[in-house]
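# Here is a sequence together with a model predicted from it:
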Amino acid sequence: MKEEIKSTLKSMDTEEFIDLAFYRPIGYLWAKLFERLHITPNAVSVASIFLGVAAGVLFYFDDLAYTIPGILLLIWANSFDSADGQLARMTGQYSRLGRVLDGVCGDIWFITIYAAICFRLTPEFGIWIWLMAAVAGYFHSMQASMADYYRNFHLYFLKGKKGSELEDSSILVARNKEITWKSDPVEKFFMFFYVPYTQKQEQRTPAMQKFRITLRNVYGDREMPQWLREHFRALSKPLMKYTNILSFNTRVIVLFVSLLIDMPWIYFVFELTVLNGLLLYMRTTHERICKETEQLVLNKENKA
């Protein structure tokens, strides 16, 4: 069973202990059930939205009788979030729409959670808690976006183009021009958000984009040489644990603790200080790795 679960993962490089020990095994069992029931990954993603929103609503109440069920619902929602990707890999039902929907799920969960906490704390903090939540939410979005982007760039070197969900905004823009609201309103709707989302990822990583251009110029459509894949993977792998911290598990542990001790504002402070500091370190390090590796590729190409 361990090997079967492993086959549903993106890679062992990008997994963390809590996911491997808890969410992936549970997600796998859900995925097996959904496969038998012929339920699609996108339907599972939508179901997780309702669970996550319900959790957020319960966090409004300053009462453990509501907080604990809310915590359990959010854990349940994340097990579905794990299951949809595992189901997609088991059944080969991967799609760009599914990837976008998967990201939207987490956004909707946390928008609800942020709003519930703000309503809960407004009598004590007034408008200031809403301002803090707005700033924290902006950086939360950036943290999750960049963590996902760095993971996919790592997978690009680990597994090649087919094993990564790394996107190119120019291709997305061209695709968006091809489709119309009349021909495909669902994809057009998601592209409305996904194109600028990808463009922002690229704008925040100038060294990575320059490196990608060099890779295309040097290797074209050919696969990268093994030495390059192994070299970049070795440098990038230590950063993968930080991408996991910026994603879900660490942040919700802090969220749960802050709710249980009736000080939910601590969660916003954690995002603004610890997680932002970690993002800054990761971005600086990753940009340096891209610059150094690009120069190595150019040096080898010039010698050849």
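Here it is on my side, so go on. Residues are numbered from 1 along each chain as shown.
# tell me what whichever helix or strand residue 142 is part of is packed against?
With elements taken from DSSP states H and E, the one containing residue 142 is helix 127-159. When contacts are defined as 3 or more C-beta pairs under 8 Å, 6 or more residues apart in numbering; DSSP states H and E, helix 127-159 packs onto helix 96-125, helix 185-203, helix 226-247, helix 265-270, helix 276-303. Bear in mind the C-beta positions are built from the backbone N, C-alpha and C, glycine included.
# Just the residues contacting the third one, thanks.
Put plainly, it is helix 226-247. Residues external to helix 226-247 that are found in contact with it (C-beta atoms under 8 Å, 6 or more residues apart in numbering): 13-16, 19, 143-144, 146-148, 150-151, 153-154, 157-158, 160, 250-251, 275, 278-279, 281-282, 285-286, 289, 292-293, 296-297.
# rewinding a little: can you give me the angle the helix holding residue 142 makes with helix 276-303?
Between the axis of helix 127-159 and that of helix 276-303 there is an angle of 30 degrees, by axes from the mean of the first three to the mean of the last three C-alpha atoms, to 10 degrees.
# For helix 127-159, buried residues please.
Judged by neighbour count using 16 or more other C-beta atoms under 10 Å, the buried positions of helix 127-159 are 129-130, 132-133, 136-137, 140-158.
# Need the residues that contact the next helix or strand after it.
Beyond helix 127-159 in the direction of the C-terminus, DSSP H and E gives the next helix or strand as helix 169-178. The contact list for helix 169-178 (C-beta under 8 Å, 6+ apart) reads 188, 191, 194, 195, 198, 199, 202.
# Filter these down to just the buried residues.
Those of the contacts of helix 169-178 that meet the buried threshold are 191, 194, 195, 198, 202, by 16+ other C-beta under 10 Å.
# shouldn't the second one be in contact with residue 102?
Translated: residue 194. No - counting by C-beta atoms under 8 Å, residue 102 is not a contact partner of residue 194; they are 11.5 Å apart.
# about what we covered before: which one of the helices and strands packed on helix 127-159 lies nearest to residue 25?
Of all the helices and strands packed on helix 127-159, helix 226-247 sits nearest to residue 25, with 17.0 Å by C-beta to C-beta.
# Noted, bye for now.
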